[in-house]
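Q: have a look at this prediction, sequence included:
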Amino acid sequence: MGEGGGFGKTILFGEHFVVYGLPAIASALGNTTTAKVEKADVKGYELIDNRLESPGYKVAKKEEYEKLIENVINFMGVKEGIRITLGGKLVAASGVGASAACAASLARAINDEFQMDWDNDKINAAAYEGEKGPHGTPSGIDNTAAVFGGLIRFKKNLEGGPNTIEKMQIKAPVEIVLADSGKTSSTKEVVGDVRTLKEANPTEIDPVFEEYEKLAEEAKQALLDYDLQKFGELMNKNHELLQKITVSCEELDAMVLTAREAGAIGAKLTGTGRGGLMQALTPGVELQEKVAKALEEKGFTVIRTKIGGA
Ligand code: PMV
């Protein structure tokens, strides 16, 4: 039997803008999705999905996952029938990079089962093909974080050549709180809506992208300087820009406000938006707990985790 894992991730800075070649920052989460792959007497593949999930996620994403799995299998040239068993501690939900973690773990498990000896770059290419199922035209940031782990600065190469992937080191991991809006959104749909908005209103939307570009440079520097206060402020500004490109929603804005009122030094949506997750920067377990409790009191499900780990 072949086995493999893929990291969950959170986008700290730059979702959506990253699709247009602007730099973004993502961090792997401690939790992973694991895949086991074994040869089986089935046509194509059989899937046993034991992952924990945010209610309704697996049903809503069924077709996208079918494409994801087929894409990985085809890209890796698997001709025999296989049984795939998914598990691990990463909860399948919008915003934590669940599909990318699945694609990465599957590619690693296939690589293991068929002794293909692929390196991380080739595994990443296979995971990227998988991501095309749920994303359509993914930037590649999710699969890169899922395969490489750690903290990364990512810039998509719009010409089609290799993307820029920079590993970032920070002084110490930082506590964050992720909170679930309880709504599942479609990345393909939301990314498509942003494109339509951008094309229809260039005079309004292009300046938002220009402003983001400036923030992205400041954010990189703030993180490298371990100036968390500054980074938090920039996260708040990033959320405002995401509102302007219409990818936030009532629940996300409410969670952002609750987190900030409870003392978070920055809070923004993370990932696709219009549902999925909110992310709050809460250095220290005490602040993390305070913000997490404030969100829980309002009925939101939260994840207490850290960014910038190994
Ligand atoms: O919802 P997530 O965590 O899979 O993130 C999607 C990120 C986008 O920038 C919206 C799309 C992409 O391909 O980068």
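A: Cool, the structure landed.
Q: under the pLDDT cut-off, which ranges of the chain? List them.
A: 310 (pLDDT under 70).
Q: state which one residue of the stretch 201-310 of the chain is found closest to the ligand.
A: Gly271 (2.8 Å; C-beta to the nearest ligand atom). C-beta: built from backbone N, CA, C; applies to glycine.
Q: look up how far Gly30 lies from the nearest residue to Phe148 once chain neighbours are set aside.
A: Take Phe148 and drop its neighbours on the chain: the residue closest to it by C-beta to C-beta, 6 or more residues apart in numbering is Asn120, 6.4 Å away. Distance, Asn120 to Gly30, by C-beta to C-beta, to the nearest Å: 19 Å.
Q: just Glu218 next, same as before
A: For Glu218, the distance to Gly30 - C-beta to C-beta - is 27 Å.
Q: by contact count, what packs against the lengthiest strand in the chain?
A: Longest strand of the chain, by residue count under DSSP state E: strand 24-39. With contacts taken as 3 or more C-beta pairs under 8 Å, 6 or more residues apart in numbering; DSSP states H and E, strand 24-39 sits against strand 2-13, strand 82-88, helix 98-113, helix 141-148, strand 151-155, helix 202-224, strand 301-307.
Q: contacts for the last one?
A: The contact list for strand 301-307 (C-beta atoms under 8 Å, 6 or more residues apart in numbering) reads 10, 12, 27, 29-31, 54, 91, 96, 151, 173-180, 182, 288-289, 292, 295-296.
Q: ok, that strand: who's next to it in the sheet?
A: strand 174-180 (antiparallel) (DSSP bridges).
Q: export the strand it pairs with as PDB, just CAs?
A: Taking Å, rounded to 0.1, in the frame of the first residue of the first chain, the C-alpha atoms of strand 174-180 are listed here in PDB:
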ATOM      1  CA  VAL A 174       2.400  32.900  15.600                       C
ATOM      2  CA  GLU A 175      -1.100  31.900  17.000                       C
ATOM      3  CA  ILE A 176      -4.000  32.500  14.700                       C
ATOM      4  CA  VAL A 177      -7.700  31.700  14.900                       C
ATOM      5  CA  LEU A 178      -9.700  30.400  11.900                       C
ATOM      6  CA  ALA A 179     -13.400  30.600  12.100                       C
ATOM      7  CA  ASP A 180     -15.900  28.900   9.800                       C
END
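Q: what does that strand contact?
A: Here strand 174-180 has contacts from 10, 54, 93, 95-96, 228, 255, 259, 264, 270, 276-285, 287-288, 291-292, 295, 300-308, using C-beta under 8 Å, 6+ apart.
Q: looking at it, Ala216 is touching Glu15, isn't it?
A: No: using C-beta atoms under 8 Å as the test, Ala216 is too far from Glu15 to be in contact (11.7 Å).
Q: just want to know which of those two has more residues nearby.
A: Glu15 (28 against 22; other C-beta atoms under 10 Å).
Q: re the thing from before, can you put the helices and strands packed on strand 24-39 in a markdown table and add distance to Gly161?
A: Shown next, in a markdown table, are those (distance: least, C-beta to C-beta, whole Å):
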| stretch | distance to Gly161 |
| --- | --- |
| strand 2-13 | 23 |
| strand 82-88 | 32 |
| helix 98-113 | 21 |
| helix 141-148 | 15 |
| strand 151-155 | 11 |
| helix 202-224 | 20 |
| strand 301-307 | 29 |
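Q: can you lay out the ones you listed as CSV showing distance to the ligand?
A: Output for those, formatted as CSV (distance: least, C-beta to the nearest ligand atom, whole Å):
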stretch, distance to the ligand
strand 2-13, 6
strand 82-88, 17
helix 98-113, 6
helix 141-148, 5
strand 151-155, 9
helix 202-224, 12
strand 301-307, 13
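Q: what bridges to the nearest residue to Asp112 once chain neighbours are set aside?
A: In this structure, Asp112 finds its nearest non-sequential neighbour in Gly2, 3.4 Å apart by C-beta to C-beta, 6+ apart. Assessed by DSSP bridges, Gly2 has beta-bridge partners Val37.
Q: can you tell me how far Gly2 sits from Ala35?
A: Taking C-beta to C-beta, one finds Gly2 at 8 Å from Ala35.
Q: and for the two, which residues touch both?
A: Arg108, Ala109.
Q: show me which of those two is the more surrounded one.
A: Just comparing Gly2 and Ala35: by other C-beta under 10 Å the higher neighbour count belongs to Ala35, 29 against 20.
Q: list the contacts of that one.
A: Ala35 neighbours (C-beta under 8 Å, 6+ apart): 3-6, 84-87, 102, 105-106, 108-109.
Q: now swap in Tyr20 and tell me
A: Contacts of Tyr20 (C-beta under 8 Å, 6+ apart): Leu158, Phe209.
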